[in-house]
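Q: coords please:
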Amino acid sequence: MAKPRQAPGGGRTVEVPPDRLAGWFDRFSARHDGVVTTEVGELVVRAVANDGATATATVPFGPLEAPPGTFDGLVVDAIVAHALVPRRVALVLVRVGGHSVGIADDGRVELSRTDRHLVQGRSAAGGWSQQRFARRRAGQARHALEDAANDVFEVLVPRLSEVDAVVLGGDRRALGELREDRRLAPLFARAEPRVLEVGEPSRAVLGEAAVRALSVQVTLRDG
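A: Next up is the predicted model:
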């Protein structure tokens, strides 16, 4: 489970594995003097506790196929069942200096390709030296992202019909540049809204992302 992080607008967001989701909501209810209502929608499920605290789960691989509405008490059976469905996922992890892509079946990576490139850090020099350094760094970054795009195209695009979803991770700017490659449009069209926060892509990080991709994001806010 990834570390909790601050959520936009306040509160914190946690990632809960599917097999722990029911127990997580039970513990939330116990800590907050019970759950008054649960709001079930296609994309979010929100539990409201007696003390005013809320737990809002974003439905992964939505929409949720369950009757929408507001129900008395804790009603999370539908999202738990939805999260527990085994899924085959394409993963794209990209940062400026490296990438790792692969196919994972129910959290286990079956095939992958990982590469790293030297992209120099910032220079403290000024003047012409700084400009030359910036051009060299930009060239290195461009080359790295071109290689990432090629690997995504070769490894994942031909297998899109075999997967249930696409999960992205890494640097949003780097991913944004990959989106501009028209060859990858079918892949990005199927990408989940969530972007996993990951370190430098590696085969080990890809394995962790394969498990995290199946987790449910829950945002906690106090009453």
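Q: who's in contact with stretch 212-221?
A: For stretch 212-221, the external contacting residues (C-beta atoms under 8 Å, 6 or more residues apart in numbering) are 1-2, 7, 10-18, 21, 24, 28, 53-60, 79, 83, 87, 89, 91, 104, 106-107, 167, 192, 194, 196. All C-beta atoms are positioned from the backbone trio N, CA, C, and that covers glycine.
Q: of these, just the buried ones, ChimeraX syntax please.
A: To isolate the buried members of the contacts of stretch 212-221 in ChimeraX, using 16 or more other C-beta atoms under 10 Å:
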select :2,7,11,13,14,15,16,17,18,21,24,28,53,54,55,56,57,58,59,60,79,83,87,89,91,104,107,167,192,194,196
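Q: in helices, which of the contacts of stretch 212-221 fall?
A: Applying DSSP state H to the contacts of stretch 212-221, the entries found in helices are 21, 24, 28, 79, 83.
Q: pop the domain breakdown of the protein in here.
A: 5-85, 88-212 (automatic domain parsing).
Q: would you single out the least confident of these?
A: Ranked by mean pLDDT, those end with domain 88-212 in last place, scoring a mean of 86.
Q: which residues of the chain fall in helices?
A: 21-31, 77-83, 127-155, 172-179, 185-188, 203-212.
Q: so which of the ones you listed is nearest residue 68?
A: helix 77-83 (9.9 Å; C-beta to C-beta).
Q: contacts for the closest one?
A: 18, 21-22, 40, 45, 57, 59-61, 64-66, 214, 216.
Q: list the buried ones in that helix?
A: Neighbour-count burial for helix 77-83 [16+ other C-beta under 10 Å]: 78-80, 82-83.
Q: in the residues you listed, find the pair that's most separated.
A: 78 and 83 (9.7 Å).
Q: one step back: now for the ones in helices among the contacts of stretch 212-221: which two are most distant?
A: Once C-beta to C-beta is applied, the ones in helices among the contacts of stretch 212-221 give 28 and 83 as the farthest pair, at 15.6 Å.
Q: contact partners for residue 99?
A: Taking C-beta under 8 Å, 6+ apart, one finds 92-93, 114-115, 144, 147-148, 151-152, 170, 201 in contact with residue 99.
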